[in-house]
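Undergrad: Predicted model follows, preceded by the sequence.
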Protein chains: 2
Amino acid sequence: MLSNSSKYAIKAVLFLALNSSEENKIRVKEIAEPINVPQAYIAKLLQDLSRENIISSLRGPKGGFYLTNENKNNSILNIIVVIDGDKKLKACMLSLDKCNETNPCPLHDMLNNSRDEILKKLKHKTIKDLALSVKLGKSFLPL
Amino acid sequence: MLSNSSKYAIKAVLFLALNSSEENKIRVKEIAEPINVPQAYIAKLLQDLSRENIISSLRGPKGGFYLTNENKNNSILNIIVVIDGDKKLKACMLSLDKCNETNPCPLHDMLNNSRDEILKKLKHKTIKDLALSVKLGKSFLPL
DNA sequence: TCTTAAATATGATTTTTGTCATATATTTTT
DNA sequence: AAAAATATATGACAAAAATCATATTTAAGA
Ligand code: FES
Ligand code: FES
């Protein structure tokens, strides 16, 4: 469902949401270790996210990655779309060209409602929402 | 969510459910074309399914693949597990080692219900069920 | 202005997944 | 018993995803 890369990206963005701010930027090295992802790999993903304005960055000494308030209002879906593209999540379960109600594949009726549920939730839940849930101790980020 | 391979496998098994029987075996060549999958590739998948008794086969002249009634009672999930393994579907959305209610990752509460729904449906829906839905014109198999 | 610390761009390498090819074993037919 | 038609086993090859490496650009600070 989610690629390895987008899982990593979500973890990194959440980490930034919890630990960074415009005044407190975080170097890639300091992100990679706590979220347990190879540094060179997460660096590339962060660059993709930065290019698409999901996160913010500044280079040079005292530089690093951080989230503005605006960044924090991005949905989780946005992260996934930047990293994986938008085809994966919406594609038919059996790879029919067009997935719709009038020409459903045998799995469509069984699975499409749940799939749409997930999509809707990913679209409406923001970085800020999830960061709050961690802050309140309702969920946990991996070491 | 589903690998390409398991999509192919489901299509092939459904095709067999609709067109084969113990008295009417179907050669791999005759399966590959209508479901639009390379012959050598679907052959390998069918062998995996046969080895795990999801489908039946007989070699030699007049041989081929077919489904017994018992085969038709297999769940869709069984097909997926044989082809993809059981880790993919059950894994945590953020790849935490253990995915459970007491130590949820930030996506768990949001997505786990829908995910379990899907799992449950895949587990209970049988080959026979889906074949019937196609037979009744409620869903369609790709050319 | 020079040095240094950081992100960025680019691409090489490795691993996994998907695809193709071929030699072998089994069953039926003659 | 021999020949033919089929699945089976095995592995080679290709494409995609994940991982690693390095040279370049930018900003801060001395
Ligand atoms: S047509 Fe296959 S999931 Fe919609
Ligand atoms: S802990 Fe991540 S989905 Fe359950």
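TA: Cool, the structure landed. Numbering: from 1, shown residues only, chains lettered A, B, ... in the order given. Ligands and ions are numbered 1, 2, ... in the order given.
Undergrad: Please make it C-alpha for all contacts and neighbour counts, starting now.
TA: Will do.
Undergrad: Can you name the residue of chain A nearest to chain B?
TA: Scanning chain A for proximity to chain B using C-alpha to the nearest C-alpha identifies residue A:1 as nearest, at 3.9 Å.
Undergrad: Just the mean pLDDT for the helix or strand where residue A:45 lies, thanks.
TA: Element membership of residue A:45 [criterion: DSSP states H and E] is helix A:39-51. Helix A:39-51 shows a mean pLDDT of 96.
Undergrad: That helix vs chain B: in contact?
TA: No: residues of helix A:39-51 contacting chain B under C-alpha under 8 Å from any C-alpha of the partner chain: none, with a closest distance of 14.6 Å.
Undergrad: Can you name the element that comes right after that helix?
TA: Criterion used, DSSP H and E; the element after helix A:39-51 is strand A:56-58.
Undergrad: about what we covered before: show me which parts of the helix holding residue A:45 are buried, residue by residue.
TA: A:42, A:43, A:45, A:46, A:47, A:48, A:49, A:50 (16 or more other C-alpha atoms under 10 Å in any protein chain shown).
Undergrad: near DNA strand C, anything from stretch A:70-80?
TA: No: Stretch A:70-80 stays clear of DNA strand C (C-alpha under 7 Å from any atom of the strand), getting no nearer than 14.3 Å.
Undergrad: Can you tell me what sits against that stretch?
TA: Residues from elsewhere that reach stretch A:70-80, judged by C-alpha atoms under 8 Å, 6 or more residues apart in numbering or on different chains: A:2, A:6, A:9-10, A:17, A:49, A:53-56, A:86, A:119, A:122-128.
Undergrad: from the chain's centre, how far out does that stretch sit?
TA: How far stretch A:70-80 lies from its chain's middle: 7 Å, per C-alpha atoms, centre = their mean, to the nearest Å.
Undergrad: first vs last residue of that stretch, how far apart are they?
TA: Taking C-alpha to C-alpha, to the nearest Å, the first and last residues of stretch A:70-80 lie 18 Å apart.
Undergrad: go on, stretch A:56-73?
TA: 13 Å.
Undergrad: if we can go back for a sec, just checking, the residue of chain A closest to chain B touches residue A:87?
TA: No: contact criterion C-alpha atoms under 8 Å: residue A:1 and residue A:87 do not qualify, at 11.2 Å.
Undergrad: All good on my end, thank you.
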